[in-house]
Every structure is written in C-alpha cells, then in structure tokens.
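Enquirer: Test case, fold it:
(3 chains)
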Amino acid sequence: MLYTINTSPFENSTMETALRFIQPGDPVLFLEDGVYAVQAGNRFSETILSLLDKNPVYALTPDLEARGIGSVTDGVFGVDYGGFVDLVEEHQPNSWL
Amino acid sequence: MPEPGYLSMRSSGSFASQIINQGTIVNIGILLKEGPYNHQASDTAYKFAEAAIAKGHKVDAVFLYNDGVTNVNKLMDPPQDDRHIADRWSKLSKQHGVEVLACIAASKRRGINDDILIEGGEITGLGTLTDIAIRNDRLVTFGD
Amino acid sequence: MAEEQTNIKKIMHVMRHAPHGTIYTYEGLEMILIMAAYEQDISIAFIGDGVYALKKGQDTAGIDIKGFAKTFMALDGYDVEKLYVDAASLAERGLTEDDLVVDVEVLSSGEIGRLMGEQDVVLPH
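Expert: Residues are numbered from 1 along each chain as shown, chains lettered A, B, ... in the order given. Okay, here's the model as predicted:
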C-alpha cells in the first residue's frame, strides 16, 4: 500500500501518525508540503532514516524543486509525476491528508 | 518484510525506469477534496491525471467532494499569467474523455449549480463515486 | 488487477479530523451512508482527532452546526458494523472506550495498518 503524505511534519503530526500504521515494505511518497520532511539534516532526518530500514521512501521532485530543497536524506528517491503514477500502478494508494 | 528488490533499487538510483517496464494498464479514479488555489491539491491531481494518461492508463473520472466542487465554477477568472484551474478540468474532459463530476450535495451547500458549471463538467450523486470506486483498479485521493 | 471473484470491494473510510472545526467528518459520514446502500464491504477507522467524532456528550446547539455523533449509532442499521478505533489515539487524548457513543473495536495501530493493507479502496476524510 502506497502511503502519501502531503503536509509538513513541522506543521502537524500527520507523518508521525501515518508511520504508526505503515507495514514493512509499504512505500511512502512525500509530496506538496510533505517534502519538507526529507530535506537533509533536519529534525526528521533520523525518522526518515529509520523508516528506510523497512520501507522505500520517495519524494516528488517538482515539489522539492519548487521549495528549493536541493539535498534530501540519504536513501530517499526523487520521482516525477510519472513515477508517482508508476507507484500507484503498483500499489493501492492510502492518502494521509 | 521488504521485497528483495528494493534495496538494490535504492542503490541503482533509478526506480522509476524499473517499474515502467511492467506496462500494466490500470483504470484510475481520482477524488479531489479541496477547492482551487487555496491548496495545491487541484494542481497535483491535474498533473497526476496528465501523467497517467501520458503513460497510457485510463483516467476514468475526477470526482469533486467537499470544497473540491468549486473546481468546476466557470466564473473563476484568475490573472492571465496564472493557470486557469476550471479551464484545465474542462480541457481534460474534452480531450481525454475524463468525467469531471461534482457531488450534488456538496455543490448545493456551496452554491455550485448547472448555471455556473464548466463545459464538460457534471453534477451527480455520491452513488456515482461508489460506482467509480467499484469499477476502477485505483482510487487516488487528493486534498489537504 | 487482483479482483475478487465477486464484485464486492473492501472500502475503508478513515476519519482523521475532529468534528465541527472542519466539515470533513460530517461529509465523510454522508458519503458512508450513501455507499452503504451499495452492499460493499465497508469499514471505518477512527484515527487521531477522528476519535473525537465519537465522543459522548457533544452539544452543538451553541455553535449552530448540526450534531452528528448520534448518526454513528445508526450505522449498524445500514449494515456498517466494522468500526475500528486506534487505541493509541484514544489513550493520548485521555479517552477510553466508555467515552464513545458507539460500540467499536479498539485495535492497535499495527492491526489497523494491516487491515488497511487488505483494502481495495481507502478513503480519507
């Protein structure tokens, strides 16, 4: 199941909540303001790194670029909208709005 | 447990190209829960729909709920250098046969009716959303 | 895609917002009531502030917004009987099952996460 998170973890606890429910192997895609979660060297980097132990983590590149985020936590993959579609093709989506 | 493939995907750095090869066509419904401009949700939903169509998937319908119903208000008139969100949905409907549907109960609450509806848009009931959920492989929700 | 031999889909509605402050829970409930008529396998998960929608003792007269906590009590009349509440969300809000207006199944986050993974459709409200 594809978990998508579109709000900043500095703004609300959606990411923290979603990660309580996630199952090993479920991919996570950060988009819109959610991409602030994966900026390298922030307060959530440790959370993202431990998430990566069991789950692939993606961030929507156009949203990273729009927000001037040039470097992301090691192991996080950038995808474009086409990559987002590929993830949805592979997995049922579960949007954490 | 993690699938064996994804650790190597991490080091290869090119996950997208690996899954493109699968080439399965899926039927997709989209649920959009926020109005235009206030949130990025409309923009992301549109970009997602465009990308899905470009990959040969079938985008069956965009169903508008909550404040999302205001996406089909043809009276919106943004500055010329900004995207026209209602026009975009209209174009998606006309060029790609995507049904653009506003929930009737949510529309009535917010003053959306046939008089101000974009070309290609339609006002319909939540039963239609249920049908969309049943007949498609995926239902992707955008909101905030 | 993996289809059941029957055409019944597993649809989970996820309530994550407190009632009244936004319309999401109320319009979510309206959606559930319509979907219930289509004889699908429907469940509702209450997560985070979503658990407040079920809290006893809500009186919305003073804010002039229609109360709907009681509508959740009517759901079993629509054959919507799978109501799951996240134990951690209840606990961190200082609530217990006794504070809720309906009988629910209180599950761990991991158990609800596993149920989510079995769904054909997950609808966030």
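Enquirer: can you pull out the helices in chain B?
Expert: In chain B, the segments counted as helices under DSSP state H are B:4-12, B:15-20, B:41-54, B:85-96, B:104-109, B:126-135.
Enquirer: Return the most buried member of the ones you listed.
Expert: With neighbours defined as mean count of other CB atoms under 10 Å in any protein chain shown, those peak in mean count at helix B:41-54, which reaches a mean of 21. Using the backbone N, CA and C atoms, a C-beta is placed for each residue, glycine as well.
Enquirer: Mind checking if it is in reach of chain A?
Expert: Yes. Residues of helix B:41-54 contacting chain A under CB under 8 Å from any CB of the partner chain: B:Ala41, B:Thr44, B:Lys47, B:Phe48, B:Glu50, B:Ala51, B:Ala52, B:Ala54.
Enquirer: The residue lying closest to the third one once chain neighbours are set aside: neighbouring residues, count only.
Expert: In space, and not counting its chain neighbours, B:Lys47 is closest to A:Tyr81: 4.7 Å by CB to CB, 6 or more residues apart in numbering or on different chains. Under the neighbour criterion other CB atoms under 10 Å in any protein chain shown, A:Tyr81 is assigned a count of 21.
Enquirer: Phi, psi for A:Tyr81 please.
Expert: The phi and psi values for A:Tyr81, taken as degrees, to the nearest 10, are phi -60, psi -30.
Enquirer: Phi, psi for C:Ser35 please.
Expert: To be clear, residue C:35 is Met; Ser isn't right here. According to degrees, to the nearest 10, C:Met35 has phi -60, psi -30.
Enquirer: you'd agree it is up against C:Ile42?
Expert: Yes. Shown here, C:Met35 and C:Ile42 form a contact pair, counting by CB atoms under 8 Å, at 6.0 Å.
Enquirer: rewinding a little: what's the pLDDT at the residue nearest to B:Lys47?
Expert: With respect to pLDDT, A:Tyr81 scores 98.
Enquirer: List the contacts of it.
Expert: A:Leu60, A:Pro62, B:Lys47, B:Phe48, B:Glu50, B:Ala51 (CB atoms under 8 Å, 6 or more residues apart in numbering or on different chains).
Enquirer: Now do the strands in the chain.
Expert: No chain in the question, so chain A it is. Remark: strands assigned in chain A by DSSP state E are A:2-5, A:28-30, A:57-60, A:77-79, A:93-96.
Enquirer: I was thinking of chain C, sorry if that wasn't clear
Expert: Taking DSSP E to define them, one finds strands in chain C at C:10-15, C:41-46, C:82-86, C:105-107, C:121-124.
Enquirer: mind checking which of these is nearest chain B?
Expert: strand C:121-124 (4.9 Å; CB to the nearest CB).
Enquirer: right, quick check: that closest one against chain B, any contact?
Expert: Yes. Applying CB under 8 Å from any CB, one finds strand C:121-124 touching chain B at C:Val121, C:Leu123, C:Pro124.
Enquirer: of the residues you listed, closest to A:Leu97?
Expert: C:Pro124 (5.0 Å; CB to CB).
Enquirer: separation between the closest one and chain A?
Expert: C:Pro124 sits 5 Å away from chain A, going by CB to the nearest CB, to the nearest Å.
Enquirer: Which residues are in contact with that residue?
Expert: A:Asn94, A:Ser95, A:Trp96, A:Leu97, B:Thr141, B:Gly143, C:Val14, C:Arg16.
Enquirer: if you set the cut-off to 7 Å instead, what comes out?
Expert: Residues in contact with C:Pro124, defined by CB atoms under 7 Å, 6 or more residues apart in numbering or on different chains, are A:Ser95, A:Trp96, A:Leu97, B:Thr141, C:Val14, C:Arg16.
Enquirer: Great, nothing more from me.
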